[in-house]
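Enquirer: Mind looking at a prediction? Sequence and model below.
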Amino acid sequence: MLDLAQKRILLGITGGIAAYKSIELVRLLTKAGADVQVVLTDGAKAFVTEMTLQAVSGHPVRSTLLDVNAEAGMGHIELAKWADLIVIAPASADFMARYAQGMANDLLSTLCLATESPVLMAPAMNQAMWKHPATQANATLLKERGVLNIGPADGAQACGDVGTGRMSEPADIFATIQSYFQSSIIEQDLLGQHWVITAGPTMEAIDPVRYISNHSSGKMGYALAEAALKRGARVTLVSGQVQLVAPHGVELVSVKSADDMLSTCEQAMTKQADVFIGAAAVADFKMKTACDQKMKKQSDADEITLTLVKNPDIIATLAQQKRAKIMVGFAAETQHVIEYAKSKLERKGLDIIIANDVSRTDIGFNHDSNQVTVITKDTIWSPDKAAKSELAVQLVEAIVQYSISAKF
């Protein structure tokens with residue numbers, strides 16, 4: 001567990017039933033050694049008390065913008081400078097709207113505008129409120145401005161609805177805070193950049209119970225997402241169905257088919273991304289027409305014919321649309337690995353291609369280690385075999401160096 005000693009965390013609590021969970025978050029943070037101060041909005045006072053939060057944090061709780069007893073009435077500036085990290089949990093739809101518009105009509109919103117420290121939000125609201133276009137627009141705008149985010153999670157809500165809108169659990173928010181401070185040890189040279197990474201397999205339906213897929217575990221793509229995140233990038237991870245937990249802090253979008261993956265990437269890259277990495281293993285073909293009902297086995301038939309058509313070429317399409325400044329692809333080959341990878345680099349209009357030999361039984365699909373060759377128009381580089389987490393760090397560095405000088 002990462003020690004949070006000497007880390008100064010300002011916890012803002014807004015109005016919502018999830019506010020009660022923030023008491024547990026304060027307990028986790030203080031137990032890890034963090035110095036925690038709490039700010040309540042007026043709405044939050046309906047759900048939690050200042051006395052309780054003062055007892056668990058060890059500090060007086062603040063809620064008034066113009067407090068004559070706090071640094072001659074300028075306590076909000078003092079707090080804004082004090083915090084290493086501002087955490088807003090729960091962050092209500094109302095607060096997100098006011099923050100996105102730059103309003104400063106209470107202590108918490110003023111702190112967020114006055115601080116130069118990072119802000120992490122854990123949204124919590126009714127599922128319909130979260131889905132509303134206004135809330136989604138505010139969430140997108142705040143992310144574009146560098147506000148960190150965790151959640152919201154899926155599940156049953158206090159109002160009886162079921163859907164996305166629950167505040168992430170205190171343990172998950174705590175882990176995200178740990179991850180932030182751990183990654184801040186690494187140079188944050190990718191702050192302000194947006195990286196979009198695909199990972200895992202696609203699934204192409206044959207009928208409601210059968211599908212075409214492959215053996216991709218998603219480990220390489222997830223490792224790349226974590227490596228870019230630790231250097232400060234905002235990472236959107238578009239993932240097929242895998243048995244992995246996304247790194248805390250990435251924006252995970254789960255998809256199934258190649259068509260889903262392409263449309264999701266296009267939506268994520270409405271504004272040109274800095275880097276796109278196509279690490280997903282996309283099925284080359286799909287059913288021309290998937291069956292609406294389960295296909296029944298014919299007792300007198302030993303064979304069946306499926307009519308397949310090509311899937312969209314995701315990375316070539318995105319490259320043609322110039323959706324990212326740097327386009328990075330993967331080539332999983334079983335023979336003539338370098339030759340085929342170079343051809344794919346040119347045909348698809350990529351800047352970098354990362355080739356690996358999936359015929360080897362000691363690396364690649366479903367393994368924790370890998371060995372690759374990184375190819376550009378002018379260079380070839382083959383790092384040593386390594387754990388995918390270690391290799392991802394090297395690959396992100398290679399991409400960064402390419403972006404600087406087009407040379408490794």
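Expert: Yep, that arrived. Residues are numbered from 1 along each chain as shown.

Enquirer: Next one, pLDDT for residue 147 please.
Expert: We have a pLDDT of 89 for residue 147.

Enquirer: which residues touch it?
Expert: Neighbouring residues of residue 147 by Cβ atoms under 8 Å, 6 or more residues apart in numbering: 99, 119, 120, 121. For glycine as for every other residue, the C-beta is placed from the backbone atoms N, C-alpha and C.

Enquirer: give me the number of residues near residue 304?
Expert: By other Cβ atoms under 10 Å, the residues close to residue 304 number 9.

Enquirer: With residue 116 instead?
Expert: Neighbour count for residue 116, taken as other Cβ under 10 Å: 7.

Enquirer: And for residue 109?
Expert: For residue 109, using other Cβ under 10 Å, the count is 22.

Enquirer: Check residue 105 too.
Expert: Using other Cβ under 10 Å, residue 105 has 9 neighbouring residues.

Enquirer: Do I have it right that it meets residue 99?
Expert: No - counting by Cβ atoms under 8 Å, residue 105 stays clear of residue 99, with 11.0 Å between them.

Enquirer: what's the closest of the contacts of residue 147 to residue 227?
Expert: Taking Cβ to Cβ as the measure, residue 227 sits nearest to residue 120 out of the contacts of residue 147, at 20.0 Å.

Enquirer: so who does the closest one touch?
Expert: Shown in contact with residue 120 (Cβ under 8 Å, 6+ apart): 85, 86, 87, 88, 147, 148, 149, 150, 173, 176, 177, 180.

Enquirer: Got phi/psi on it?
Expert: With angles defined as degrees, to the nearest 10, residue 120 sits at phi -120, psi 130.

Enquirer: care to break this structure down by domain?
Expert: Listed domain ranges for the chain are 8-183, 194-405 (source: automatic domain parsing).

Enquirer: Could you measure from residue 216 over to residue 179?
Expert: Computed with Cβ to Cβ, to the nearest Å, the distance linking residue 216 and residue 179 is 25 Å.

Enquirer: let me redo that: residue 203
Expert: 29 Å.

Enquirer: got a list of contacts for the host helix or strand of residue 340?
Expert: Taking DSSP states H and E as the definition, residue 340 sits inside helix 337-347. The list of residues contacting helix 337-347 from outside it, by Cβ under 8 Å, 6+ apart, reads 316, 329, 331, 333, 350, 352-353, 355-357, 373, 375-377, 380.

Enquirer: Please look at residue 219 and residue 243 and confirm they touch.
Expert: No - between residue 219 and residue 243 no contact is recorded; they are 9.9 Å apart, counting by Cβ under 8 Å.

Enquirer: and residue 306, what is it in contact with?
Expert: Contacts for residue 306 were tallied using Cβ under 8 Å, 6+ apart; they are 206, 287.

Enquirer: Looks to me like it is in a strand.
Expert: No - counting by DSSP: H, G, I helix; E, B strand; the rest coil, residue 306 is not found in a strand; it is coil.

Enquirer: per-residue confidence at it?
Expert: Looking at residue 306, its pLDDT reads 89.

Enquirer: Residue 175 now?
Expert: We have a pLDDT of 86 for residue 175.

Enquirer: Give me the below-cutoff pLDDT ranges for this protein.
Expert: Within the chain, the stretches with pLDDT under 70 are 1-2, 66-76, 183-186, 361-367, 406-408.

Enquirer: what ranges do the helices span in it?
Expert: Remark: helices assigned in the chain by DSSP state H are 21-31, 50-57, 75-82, 93-100, 107-114, 127-131, 133-144, 170-183, 219-230, 258-268, 314-320, 337-347, 388-405.

Enquirer: Minimum distance to residue 279: which of those has it?
Expert: helix 219-230 (3.6 Å).

Enquirer: was I right about residue 98 contacting residue 105?
Expert: Yes - Residue 98 is in contact with residue 105 according to Cβ under 8 Å; the separation is 7.0 Å.

Enquirer: Rebuild the helices of the chain as a markdown table, extending it with distance to residue 37.
Expert: Below are those laid out as a markdown table (distance: least, Cβ to Cβ, whole Å):
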| stretch | distance to residue 37 |
| --- | --- |
| helix 21-31 | 10 |
| helix 50-57 | 7 |
| helix 75-82 | 7 |
| helix 93-100 | 18 |
| helix 107-114 | 10 |
| helix 127-131 | 28 |
| helix 133-144 | 22 |
| helix 170-183 | 14 |
| helix 219-230 | 27 |
| helix 258-268 | 35 |
| helix 314-320 | 44 |
| helix 337-347 | 52 |
| helix 388-405 | 35 |
